[in-house]
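> Just need the structure, nothing else, for what follows:
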Amino acid sequence: MSDSTIRLLLIEDSERDAARLGMELRRGGYQTEITRIETAARLREELARGSAFDLVICDYCLPAFSAPDALKIFRESGLDVPFIVVSGVVGEDIAVEMMRSGAQDYVLKENLARLVPAVARELREVSERSARREAQTLFQTILHSSPHPSAVIDRDTGLVVHVSESFVNRLLSKQPPSPGATLFDLVAFSAPERVRQLLERGGGSALYLVYSLDNQSRVANVRVSVVRHQGTTYANVILEDITEQHYLKAAFDAVPDAVFIISSTKTLLYANRAAEEIFGLLYFGMDMTPLLTFPEHGPARIDDQPYDVHITPFRFAGETESSTIVTLRNIAQQEELLEASTHDALTGLYNVRFFEEALSDHAKSGRTTALAMIDLDFFKPINDELGHAAGDAALIRFASMIRSAIRPSDVVARVGGDEFAILFPDATVDDARRIVARVYDSLQSIPFDYNGSARNLSASCGLGVLRAGESPADAKRRIDDALYEAKRKGRGQFVVV
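Just a heads-up that it's a prediction; the model follows:
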């Protein structure tokens, strides 16, 4: 049976209408295995036989049967299967009543275009409920090694008629309950009215209910189901203690790193609050594939923020496929600190510390590397005449000119107040000369204008290639000598050595 094949129980007396329904489902992409019945007896027979169905579609009115009767019988079976009414005579009041009784939807035969979307929605919800039940069972097995405490209560009198061994051991200090005790005599709930509502309503769950045990507050999910036996209605009350789980979730929510757990099928099992702050609303079972665009390890950018990604595979008890814990740590602050430690705050160029390390690395590499040392000429008059803000602007302008001229592989740094250095990896002195010449062209063609005062910037430069066996300090000293030679010759030029 393909993924799009559904096992359909069709309660319909008209062969023509049955054919139309099958055709509509096929048009919507579903292949169907149809079991068609027309009577209550046949419905009970199919249910007693244990026939497995994915969907029930029922005509509202049949000669010997009706949708309300069919729904009642079907709901008594307890099967979690969508029940959709399809009829030509259903009015709004009847449709509302059917929905209140437990039908998932109703569709008019004259508007069968609604059928496939309704079927798709209900099958999806059944699948999600099934997945949640499976996951809940799995987590309960992991978190609890013994059965949950439970109590059977006479709904008419409110008296406890039976408690499980775990109820006695965990909640009653291994002492059996006194005759005539109620649940509320035995368990000190902080909000007993929530449990009473479940008992009166005939079932359901009260989540995160606080109760006191040995003078300590604990947290439980209280689940109530109702059964009728020999004329008496009983409520089975189960206390699923989730104290550790509750505080564990609170602890994970307090963790600043985003943490989420993904199943082997790429669906979400858990996400903490930090993960929701990054990705928005996250819910159990959602497809995480569109969000998993970052690498398995190392840096990643999400919404223009840098994160360090760490992925840990693991298996829940009973799993054959690995799930995954994903941790995302925001490293923006670390990147800012790294930027501050390696870059000049004013110009954004590398700083002298980074330059010294880069020079040492290139000197050791044995690769042909050129080095330029550059001073901005007449910088002091700019500061004195126009102010320090103008001096800063001149440095920023000069840094921009250098950036525009160099190659992506070149390393430029501000190594002093008005002093700059450029490393040219894999470059001859002629290669470096051409690049430096472009900087000088910019100095001549682009005047520096500050608050209406325009002047051309000028620079002196020493340029040469690192020599084999030469230490970084010696290379820098030699290129510096060339720089001062350029100054002695009148500034505004570069000298090659």
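
> so where do the strands sit in the stretch 151-300 of the chain?
160-163, 188-189, 203-213, 216-229, 232-241, 258-262, 268-271, 298-302 (DSSP state E, counting those that start in this stretch).

> In CSV, list those strands along with mean pLDDT, distance to Glu24 and mean neighbour count.
C-betas here are computed from N, CA, C, even on glycine. Supplementary listing: these in CSV, determined by pLDDT from 0 to 100; distance: least, Cβ to Cβ, whole Å; neighbours: other Cβ atoms under 10 Å:
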stretch, mean pLDDT, distance to Glu24, mean neighbour count
strand 160-163, 89, 51, 17
strand 188-189, 94, 51, 16
strand 203-213, 91, 36, 15
strand 216-229, 90, 37, 15
strand 232-241, 91, 42, 19
strand 258-262, 91, 37, 21
strand 268-271, 90, 33, 20
strand 298-302, 82, 43, 13
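
> Kindly reformat the ones you listed as CSV containing distance to Pro381.
Shown next, in CSV, are the strands of the stretch 151-300 of the chain (distance: least, Cβ to Cβ, whole Å):
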stretch, distance to Pro381
strand 160-163, 94
strand 188-189, 83
strand 203-213, 73
strand 216-229, 74
strand 232-241, 80
strand 258-262, 54
strand 268-271, 61
strand 298-302, 44
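
> can you list contacts of stretch 224-237?
Residues lying outside stretch 224-237 but in contact with it, judged by Cβ atoms under 8 Å, 6 or more residues apart in numbering, are 150-156, 161, 183, 195, 198-199, 202-206, 222-223, 238.

> repeat for stretch 78-90
Stretch 78-90 has contacts (Cβ under 8 Å, 6+ apart) with 9, 12, 21, 47, 53-61, 67, 70-71, 74-75, 95, 98, 102-110, 112, 115, 118-119, 122-123, 125-126, 129-130.

> Quick one: mean pLDDT over that stretch.
Mean pLDDT, taken over the full extent of stretch 78-90, equals 86.

> got the buried residues for it?
Neighbour-count burial for stretch 78-90, counted by 16 or more other Cβ atoms under 10 Å, picks out Val81, Pro82, Phe83, Ile84, Val85, Val86, Ser87, Val90.

> Of the residues you listed, which belong to strands?
By the criterion of DSSP state E, membership of the buried residues of stretch 78-90 in strands covers Phe83, Ile84, Val85, Val86, Ser87.

> which of those lies closest to Ala393?
Nearest to Ala393 among these, counting by Cβ to Cβ, is Ile84 at 73.5 Å.

> For Gly387, give me phi and psi.
Dihedral pair for Gly387: phi 100, psi 160, per degrees, to the nearest 10.

> From Leu483, how far off is it?
Between Gly387 and Leu483 the distance, using Cβ to Cβ, to the nearest Å, works out to 27 Å.

> between the two, which one's more packed in?
Neighbour totals were compared for Gly387 and Leu483, and Leu483 leads with 23 against 13 (other Cβ atoms under 10 Å).

> what is the residue nearest to the more buried one when sequence neighbours are not counted paired to in the beta sheet?
Computed as Cβ to Cβ, 6 or more residues apart in numbering, the closest residue to Leu483 that is not its neighbour in sequence is Gly462, at 3.4 Å. Per DSSP bridges, the residues bridged to Gly462 are Met373, Val495.

> Now do the contacts for Gly462.
Residues touching Gly462, when contacts are defined by Cβ under 8 Å, 6+ apart, comprise 372-373, 479-486, 494-495, 497.

> Give me the distance between it and Ala475.
The span separating Gly462 from Ala475 equals 11 Å under the rule Cβ to Cβ.

> Dump the C-alpha coordinates for the helix or strand harbouring Ile402 into CSV.
Assignment of secondary structure by DSSP states H and E places Ile402 within helix 388-405. Backbone C-alpha positions of helix 388-405 (Å, rounded to 0.1, in the frame of the first residue of the first chain) are rendered in CSV as follows:
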residue,chain,number,x,y,z
HIS,A,388,42.1,66.1,15.7
ALA,A,389,38.8,65.2,14.0
ALA,A,390,40.3,66.3,10.7
GLY,A,391,43.4,64.2,11.4
ASP,A,392,41.2,61.1,12.1
ALA,A,393,39.3,61.8,8.8
ALA,A,394,42.6,62.0,6.9
LEU,A,395,43.7,58.7,8.3
ILE,A,396,40.4,57.1,7.4
ARG,A,397,40.6,58.5,3.9
PHE,A,398,44.1,57.3,3.4
ALA,A,399,43.2,53.8,4.7
SER,A,400,40.3,53.7,2.2
MET,A,401,42.7,54.6,-0.7
ILE,A,402,45.0,51.7,0.3
ARG,A,403,42.1,49.3,0.5
SER,A,404,40.9,50.2,-2.9
ALA,A,405,44.4,49.6,-4.4
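
> For it, give the mean pLDDT please.
For helix 388-405, the per-residue pLDDT averages 94.

> Could you pull out the buried residues of it?
Neighbour counts over helix 388-405 (16+ other Cβ under 10 Å) mark Ala390, Gly391, Ala393, Ala394, Leu395, Arg397, Phe398, Ala399, Met401, Ile402, Ala405 as buried.

> Which pair of these spans the longest distance?
Put simply, by Cβ to Cβ the two of the buried residues of helix 388-405 set farthest apart are Ala390 and Ala405, 22.9 Å from each other.
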